[in-house]
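1. Okay, structure incoming, though there's no sequence with it:
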Ligand code: ARG
């Protein structure tokens, strides 16, 4: 009898666990552990998201941030890579719960997704070959060849340059390579990413010119209608700012200056 009761209780517990897992997109991990947060990113955007050569581990500011947020909210964070222009469709199709990719909060995107509170202040910059002395700002790009990453605010800005021939690549490395190979005159990308690239050795053959254009804030995107998750993320973000964890992650990737 005792054995039967114990069995019955185990069965009931298992049932309770299974039903508890049936809440929206909060899926159970295969190991029966924490609920899973499916995060999509595009990892050619150092120091926000990147993968070391031959490694499938995701590193960078955004990646540390979402892991900290996940921990705060009791989620197991699972990150997958996709094209930058595939992130919003993946949210809408419910293939991911969160898009985190240095994504600028824009009016157009706000029609499609919910953004968290801004977590990073950014903007665009123009990069040209080091030995180029004709291009001093975006105004000198008229009629020039500009390389960008597909679907980004840099790409949208390049499209507005009169007579420019814009080539959009799936990843940032290819856009930079196009310029390095002499097939593009300039790259337009986010300022912190270009600065990081130059500091990591890119300054051997490239430089940025002009002022930072288009002040832009990054936000964490979730599917429209998923207000609960957006609110949870904002709450966690706030807590991480209060308890010093956010600054720790920030300083790890950007140094003390803020
Ligand atoms: N901030 C820019 C935008 O939202 C570029 C972001 C690119 N991010 C990436 N992970 N490749 O369009």
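-> Yes, it's here. Since the model is a prediction, treat every value here as computed from it, not as a measurement.

2. all contacts plus neighbour counts: C-alpha atoms, from now on.
-> OK.

3. list the contacts for the residue nearest in space to the middle of the chain?
-> The centre of the chain sits closest to residue 101, judged by CA atoms, centre = their mean, with a distance of 0.8 Å. Applying CA atoms under 8 Å, 6 or more residues apart in numbering to residue 101 gives the contacts 40, 41, 42, 43, 45, 48, 49, 62, 84, 220.

4. Name the residues of the stretch 1-150 of the chain found near the ligand, please.
-> Within the stretch 1-150 of the chain, the positions adjacent to the ligand are 41, 42, 43, 44, 45, 84, 101, 102, 103, 104 by CA under 6 Å from any ligand atom.

5. any idea how far the closest residue to the last one other than its chain neighbours is from residue 146?
-> Spelled out, it's residue 104. Leaving out its chain neighbours, the residue that sits closest to residue 104 by CA to CA, 6 or more residues apart in numbering is residue 218, at 4.3 Å. Plainly put, residue 218 is 23 Å away from residue 146 if you go by CA to CA, to the nearest Å.

6. Which one's more surrounded, these two?
-> Taking other CA atoms under 10 Å, residue 218 and residue 146 do not tie; residue 146 has more neighbours (29 against 21).

7. Hmm, residue 182 and the more buried one touching each other?
-> No. Taking contacts as CA atoms under 8 Å, residue 146 lies outside contact range of residue 182: 11.0 Å.

8. Could I get the full set of strands for the stretch 101-250 of the chain?
-> Under the criterion DSSP state E, counting those that start in this stretch, strands of the stretch 101-250 of the chain are mapped to 113-115, 120-129, 145-149, 165-169, 186-190, 206-218, 221-223.

9. ok, residue 218 touching residue 106?
-> No. Using CA under 8 Å, residue 218 makes no contact with residue 106, being 9.2 Å away.

10. pLDDT below threshold where in the protein?
-> Residue ranges of the chain with pLDDT under 70: 1-33, 256-258.

11. any idea where the helices of it begin and end?
-> Applying DSSP state H to the chain gives helices spanning 2-20, 61-73, 87-92, 107-110, 153-159, 172-180, 191-199, 227-242, 245-254.

12. what comes into contact with stretch 64-83?
-> 29, 34-43, 58, 100, 170-171, 232-233, 236-237, 240, 246, 249.

13. start to end distance for that stretch?
-> Stretch 64-83 end-to-end distance (CA to CA) = 20 Å.

14. Would you mind listing what in the stretch 151-258 of the chain touches the ligand?
-> So far as CA under 6 Å from any ligand atom goes, the stretch 151-258 of the chain lies against the ligand at 152, 153, 190.

15. just checking, the second one touches residue 102?
-> Put plainly, it is residue 153. No. Residue 153 is beyond contact range of residue 102, at 10.8 Å (criterion: CA under 8 Å).

16. Show me which of these two is the more surrounded one.
-> Ranked by neighbour count (other CA under 10 Å), residue 153 and residue 102 place residue 102 first, with 27 against 22.

17. shouldn't that one be in contact with residue 219?
-> Yes. Between residue 102 and residue 219 a contact is recorded at 7.2 Å, counting by CA under 8 Å.
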